[in-house]
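> need a 3D model of the sequence below.
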Amino acid sequence: MEQAQQYVGSRVNPDDLKLFCMRAMEQAGLSRRHAEQTAEVLVTTDTWGTFTHGTRQLVPLLNNVKKGALNAGVEPEIVSEGPGWTLIDGHYAMPMVSSQLAMRSAIDKARSSGIAYSGVRHSSHYGAAGYYALMAVEHNMIGLSFSNVDVCMTVPGARAPVMGTNPLAYAVPAGEERPVFMDIATSVVAISKVIAAKTAGKPIPDNWLVDEEGRPTTDTSAYPARGAIQPMAGHKGYGIALLIEILSGVLTGASFLSGIGRWLEEEPKPADEGHAFIAMSVESFMEADQFKARMDSMIREIKNAPKAKGVDRIYLPGEMEWERSEEAHRSGIELPDFVLTNLFKVAEENDLLENLISILKKE
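Purely as a prediction, here's the structure:
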């Protein structure tokens, strides 16, 4: 949209952006609580600079609500549980709501059991896996988060997509240092980078895609109609993606592999993705302060390792995201053009254009 382009380079306060997203979701039929939980995940992700999984997803999420692939008026339900586990039926509520319920349950149970698992079925794309892993850190726990997603990635020996780029995340508390956290897909590269290369007419490394015959290719011209993205680290990434498929899909009773619906379609059907969450209580193993001191020691040893030529800093996983988040809360989030385009689309469709323009601050 031309109007969105006028605001490239502007900044938005995270709290203002959250309220804008909430208003749009409430108009779509979500309760205020569900809208707030969803907006919190999306805006937090934008503050990390992970714009592919932040508020740009509001357009397809609301389209899923409009077309009936998500149900704005239901509550996710705990259908069975034990001392160290919980199984939740999302009932196609907003996925961020089901996911937060699941991780909270894992955290609660880990207080007494030491470690706990929560699974979710009948859900959809839950956004950034790292958000849920970090929920555990606030309780002196290690958090893990997994999800299966719709098929788009090949596996060694196949010539077509077999499984999704199943994400995994972990988060670990520290003391004086920032918590360590990582959030990655199990593909060799983000699909958005392949599409960007295609748009620019540039070749890609030969380990990113396979063609329709299953051969590595540097040609993006036929993608995504033909060909498939490759798993990270070959058979190693494939094996990790398969474990996530089992924990998130097979074990929970959700769909798996080709059974998962495509939530990004213009006419989406219920995706029935599955999610898995694990919380591990540090205090079941040692005093929290002792663990955090040990984490600080480990982090500092890595950061103080001899640097390669031309390198002046070694980062821990998540450190760049923490710094971006701190800057976003100080100075606002500078949203890229593709995010602004989606937000202006949401604003126009929900009569919130004046509201959106009022919160975008030009430098």
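> what about Pro216, how many residues nearby?
12 (other Cβ atoms under 10 Å). Glycine gets a C-beta too; all of them are placed from N, C-alpha and C.
> return the residues in contact with it.
Pro216 makes contact with Asp206, Asn207, Leu209, Val210, Gln230 under the criterion Cβ atoms under 8 Å, 6 or more residues apart in numbering.
> and for Ile184?
Neighbour list for Ile184: Pro167, Leu168, Ala169, Met232 [criterion: Cβ under 8 Å, 6+ apart].
> and the nearest residue to the second one once chain neighbours are set aside, what's its pLDDT?
The spatial neighbour of Leu168 that comes closest, neighbours along the chain excluded (Cβ to Cβ, 6 or more residues apart in numbering), is Phe146 at 5.2 Å. Phe146 is assigned 98 on the pLDDT scale.
> who's Phe146 bridged to?
Beta-bridge pairing of Phe146 under DSSP bridges involves Leu168, Ala276.
> give me the number of residues near it?
The number of residues packed around Phe146, counting by other Cβ under 10 Å, is 28.
> surely it touches Leu247?
Yes: because the distance of 5.5 Å satisfies Cβ atoms under 8 Å, Phe146 is recorded as touching Leu247.
> overlap in contacts, the two.
Residues touching both Phe146 and Leu247 (Cβ under 8 Å, 6+ apart) are Ala276.
> okay, buried residues for the biggest helix by length in the chain please.
Secondary structure assigned by DSSP state H gives helix 95-113 as the longest helix of the chain. By neighbour count, with 16 or more other Cβ atoms under 10 Å as the criterion, the buried positions of helix 95-113 are 95-107, 109-110, 113.
> in its sheet, what does the helix or strand just after that helix sit against?
Moving toward the C-terminus from helix 95-113, the first helix or strand encountered (DSSP states H and E) is strand 115-123. Partner strands and pairing direction for strand 115-123 (DSSP bridges) are strand 85-89 (parallel), strand 273-281 (antiparallel).
> among those strands, which is nearest Gln6?
When the strands paired with strand 115-123 are ranked by proximity to Gln6, the top entry is strand 273-281, at 36.3 Å, counting by Cβ to Cβ.
> for the closest one, what is the distance to the chain centroid?
Average the C-alpha atoms of strand 273-281, do the same for its chain, and the two points are 13 Å apart (Cα atoms, centre = their mean, to the nearest Å).
> quick one: mean pLDDT over that strand.
Throughout strand 273-281, pLDDT has a mean value of 98.
> got the contact list for the residue nearest to Met232 when sequence neighbours are not counted?
The shortest distance from Met232 to any residue other than its chain neighbours is 4.7 Å, reached at Val188 (Cβ to Cβ, 6+ apart). The contact partners of Val188, taken as Cβ under 8 Å, 6+ apart, are Asn207, Trp208, Ile229, Gln230, Pro231, Met232, Ala233, Gly237.
> got phi/psi on Val188?
Listed backbone geometry of Val188 is phi -70, psi -30, with angles given as degrees, to the nearest 10.
> how close does it sit to Pro161?
Per Cβ to Cβ, to the nearest Å, Val188 is found 14 Å from Pro161.
> same question for Tyr223.
Using Cβ to Cβ, which is the criterion applied here, Tyr223 is 11 Å from Pro161.
> for Gly127, same thing?
The spacing between Gly127 and Pro161, counted by Cβ to Cβ, is 22 Å.
> what do you get for Arg56?
When distance is defined by Cβ to Cβ, Arg56 is 23 Å away from Pro161.
> do Leu70 as well
Leu70 sits at a distance of 24 Å from Pro161 (criterion: Cβ to Cβ).
> and the two? which has more neighbours close in?
Neighbours of Leu70 and Pro161, each counted by other Cβ under 10 Å, are more numerous for Leu70; the result is 28 against 20.
> grab the nearest non-local neighbour of Gly49.
Of all residues beyond its chain neighbours, the one nearest Gly49 is Arg324 (4.3 Å), with distances taken as Cβ to Cβ, 6+ apart.
> check contacts around that neighbour.
Contacts of Arg324 (Cβ under 8 Å, 6+ apart): Thr47, Trp48, Gly49.
> thinking again about what came up before, please indicate which of the contacts of Val188 are buried?
Of the members of these, the ones counted as buried by neighbours, 16+ other Cβ under 10 Å, are Trp208, Ile229, Gln230, Pro231, Met232, Gly237.
> which members of the residues you listed are the farthest-apart pair?
When the buried ones among the contacts of Val188 are compared pair by pair using Cβ to Cβ, the farthest-apart members prove to be Trp208 and Gly237, with a separation of 12.5 Å.
> can you pull up the bridge partners for the residue lying closest to Tyr7 once chain neighbours are set aside?
Of all residues beyond its chain neighbours, the one nearest Tyr7 is Leu360 (4.8 Å), with distances taken as Cβ to Cβ, 6+ apart. Using DSSP bridges, the bridge partners assigned to Leu360 are Val12.
> Leu360 contacts Ser10, doesn't it?
Yes: using Cβ under 8 Å, Leu360 and Ser10 qualify as a contacting pair, with a distance of 4.3 Å.
> for these two, work out which one has more neighbours and name it.
The residue with more neighbours, out of Leu360 and Ser10 and counting by other Cβ under 10 Å, is Leu360; that gives 23 against 17.
> return the residues in contact with the more buried one.
Applying Cβ under 8 Å, 6+ apart, we find Leu360 in contact with Tyr7, Ser10, Arg11, Val12.
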